[in-house]
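Novice: any chance you could fold what I've pasted below:
(4 chains)
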There are 2 protein chains.
Amino acid sequence: MTREMMIGDAAKAAGCSVPTIRYYESVGLLAEAARTAAGHRSYRRQDVERLTLIRRCRDFGMSINQVKTLIAIRESPSSCDNALEAVTLHREQLNARIADLKALDRALALIVARCEADCAGGASSCCTIYDDLAVA
Amino acid sequence: MTREMMIGDAAKAAGCSVPTIRYYESVGLLAEAARTAAGHRSYRRQDVERLTLIRRCRDFGMSINQVKTLIAIRESPSSCDNALEAVTLHREQLNARIADLKALDRALALIVARCEADCAGGASSCCTIYDDLAVA
DNA sequence: TATGCGGCCTCAAGTAGCTTGAGGTGCAAG
DNA sequence: CTTGCACCTCAAGCTACTTGAGGCCGCATA
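Specialist: Residues are numbered from 1 along each chain as shown, chains lettered A, B, ... in the order given. Okay, here's the model as predicted:
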């Protein structure tokens, strides 16, 4: 059993699509893959591990650039604290985003409540929802 | 005092940028604006109200298509319940998104905790963060 | 009168992170 | 020999705008 695999199997192993792998290569997140005689990309175990790391970071909502940074930290002779810091910063952004979305939902809840109390079932042309939404 | 205003003032009044207004027009969210003799777009009070409604809906995280739907409901002889339903659906999507982000944050919190306990300050090349992130 | 400035105009391209499609090659099985 | 699959490249499409190039119009100032 060789350890080399083609792009389709690498995609299955890492849980992403084939064009996504080519895209990651094109933006420099993945080094240019080795090629077989036929010109097909060939991947080894460590390539698939890296791909899995990238895909998981993306699942966690990190941007391509954040993932690039994290990988660069790992590959430089730096301290673990740097990776910790990058992930912690990402958590902060995540929590800020959550707070924003919650505030939006609370505002929408008020608007919905007023419509239900004052005009539900009436004509949409005079529904309070539109007035409430348009408050600058 | 005329009630007509040019695009710059409309943008200020509605709280969006000038190119954004032109963009909304180009995608059919706003009807084609009237023009002055010089070919400049001209807006009246009700145009600015509609623009404000659009901008607010977008602030609330609705997509262009959701806003289109909401405006279409308002302008059709339908019941207020339809608008209520559209906004309620959007709230459900919002809450699903919030739940997803919270789950991500909890997963990242565990990863951070393990790094802090086991390897913080060590070399990033053997940091548990990378292994934990790459768990498929 | 010249000239500079601000606001408007159009059209095109850039942003993120991919996906989708067109058109073509290589290899193995039937 | 032909069918079919997996691979290849390059280009365009998606969302919601922003940014930039290049140009017109009218007013105010030197």
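
Novice: what about chain A, any weak spots by pLDDT?
Specialist: A:1-2, A:136 (pLDDT under 70).

Novice: how is it carved up into domains?
Specialist: A:1-78, A:80-136 (automatic domain parsing).

Novice: is the shortest one in proximity to chain B?
Specialist: Yes - residues of domain A:80-136 contacting chain B under C-beta under 8 Å from any C-beta of the partner chain: A:80-84, A:87-88, A:90-91, A:94-95, A:97-98, A:101-102, A:104-105, A:107-109, A:111-112, A:115-116, A:119-127, A:129-130, A:133-136. Bear in mind the C-beta positions are built from the backbone N, C-alpha and C, glycine included.

Novice: and if you look at the longest one?
Specialist: Yes - contact of domain A:1-78 with chain B (C-beta under 8 Å from any C-beta) involves A:14-15, A:49, A:52-53, A:56-57, A:59-61, A:73-78.

Novice: which among the residues you listed end up buried?
Specialist: By neighbour count, with 16 or more other C-beta atoms under 10 Å in any protein chain shown, the residues of domain A:1-78 next to chain B hold A:Ala14, A:Thr52, A:Leu53, A:Arg56, A:Cys57, A:Phe60, A:Gly61, A:Ile73, A:Arg74 as buried.

Novice: how close does the fourth one get to B:Leu101?
Specialist: Applying C-beta to C-beta, to the nearest Å, the value for A:Arg56 to B:Leu101 is 16 Å.

Novice: so A:Cys57 makes contact with A:Asn65?
Specialist: No - with contact defined as C-beta atoms under 8 Å, A:Cys57 and A:Asn65 do not form a contacting pair (11.0 Å).

Novice: so what's the spatially closest residue to A:Leu84 that is not a sequence neighbour up against?
Specialist: In this structure, A:Leu84 finds its nearest non-sequential neighbour in B:Cys115, 5.4 Å apart by C-beta to C-beta, 6 or more residues apart in numbering or on different chains. By C-beta atoms under 8 Å, 6 or more residues apart in numbering or on different chains, the residues touching B:Cys115 are A:Cys80, A:Ala83, A:Leu84, A:Val87, B:Cys127, B:Thr128, B:Ile129, B:Asp132.

Novice: got a markdown table for those residues, with neighbour count and distance to A:Ala10 too?
Specialist: Shown next, in a markdown table, are the contacts of B:Cys115 (neighbours: other C-beta atoms under 10 Å in any protein chain shown; distance: C-beta to C-beta, whole Å):
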| residue | neighbour count | distance to A:Ala10 |
| --- | --- | --- |
| A:Cys80 | 24 | 28 |
| A:Ala83 | 26 | 25 |
| A:Leu84 | 21 | 29 |
| A:Val87 | 23 | 25 |
| B:Cys127 | 26 | 24 |
| B:Thr128 | 19 | 25 |
| B:Ile129 | 26 | 23 |
| B:Asp132 | 18 | 21 |
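
Novice: anything in the helix or strand where A:Ala72 lies near DNA strand D?
Specialist: Take DSSP states H and E as the rule and A:Ala72 turns out to sit in helix A:64-75. No - on the criterion C-beta under 7 Å from any atom of the strand, helix A:64-75 is out of touch with DNA strand D, staying 14.3 Å away.

Novice: likewise for stretch A:32-39?
Specialist: Yes - applying C-beta under 7 Å from any atom of the strand, one finds stretch A:32-39 touching DNA strand D at A:Ala33, A:Gly39.

Novice: helix or strand for A:Cys57, which one?
Specialist: helix A:45-59.

Novice: thinking again about what came up before, can I get the domains of chain A in CSV including distance to DNA strand C?
Specialist: Shown next, in CSV, are these (distance: least, C-beta to the nearest atom of the strand, whole Å):
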stretch, distance to DNA strand C
domain A:1-78, 3
domain A:80-136, 12
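
Novice: a markdown table for those domains, including distance to B:Tyr43?
Specialist: Listed next are the domains of chain A as a markdown table, based on distance: least, C-beta to C-beta, whole Å:
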| stretch | distance to B:Tyr43 |
| --- | --- |
| domain A:1-78 | 37 |
| domain A:80-136 | 15 |
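
Novice: nice, that's everything, thank you.
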